[in-house]
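1. Sequence and computational prediction follow.
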Amino acid sequence: NTEMLSCLLKKVSARLAVLIASWMSSGFVHGIMNTDNMSLVGLTLDLNVFGWISNWNETYTPNFIDTEGRYAFGRQPEIALWNLQRLADALSGS
């Protein structure tokens, strides 16, 4: 049902937005925000590589193999959106 999937995506998006906002307000950097490390209920998974910034630095990443800065502090909202788009693709069968 399209309406149910839309409702699910809205709720997951809201929870993820709260999670990312709380990370960024405390200076937390996840380090590996792959789609399999995101939770439908707004929890943080796989804290193998993470860190905190002490001074504002959008390009900081605690992941030494992330040479492109994909999971940098300042890109966390962008990566969360990308992950949500992959969830929408999976749910819609795209």
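-> Received, thanks.
2. so what's residue 49 up against?
-> 30-32, 62-63 (C-beta atoms under 8 Å, 6 or more residues apart in numbering). For glycine as for every other residue, the C-beta is placed from the backbone atoms N, C-alpha and C.
3. number of nearby residues for the closest residue to residue 53 other than its chain neighbours?
-> Spatial nearest neighbour of residue 53, excluding adjacent residues (C-beta to C-beta, 6 or more residues apart in numbering): residue 27 at 4.4 Å. Residue 27 has 15 neighbouring residues, counting by other C-beta atoms under 10 Å.
4. From residue 82, how far off is residue 27?
-> 22 Å (C-beta to C-beta, to the nearest Å).
5. And residue 52, by the same measure?
-> 23 Å.
6. Tell me the buried residues in stretch 4-13?
-> Buried residues in stretch 4-13, counted by 16 or more other C-beta atoms under 10 Å: 9, 12.
7. Measure how far it is from the centre of its chain, please.
-> How far stretch 4-13 lies from its chain's middle: 16 Å, per C-alpha atoms, centre = their mean, to the nearest Å.
8. where does residue 40 land on pLDDT?
-> If you check residue 40, the pLDDT there is 89.
9. Show me where the protein has its strands.
-> Assigned by DSSP state E, the chain shows strands spanning 28-29, 51-52.
10. quick one, what contacts the most centrally placed residue in the chain?
-> By C-alpha atoms, centre = their mean, the mean C-alpha position of the chain lies nearest to residue 80, the distance being 3.4 Å. The contact partners of residue 80, by C-beta under 8 Å, 6+ apart, come to 16-17, 20, 33, 38.
11. mind running it again at 6 Å?
-> 16, 20 (C-beta atoms under 6 Å, 6 or more residues apart in numbering).
12. I'd like the distance between it and residue 19.
-> With C-beta to C-beta as the criterion, residue 80 and residue 19 are 8 Å apart.
13. With residue 41 instead?
-> With distances taken as C-beta to C-beta, residue 41 is found 10 Å from residue 19.
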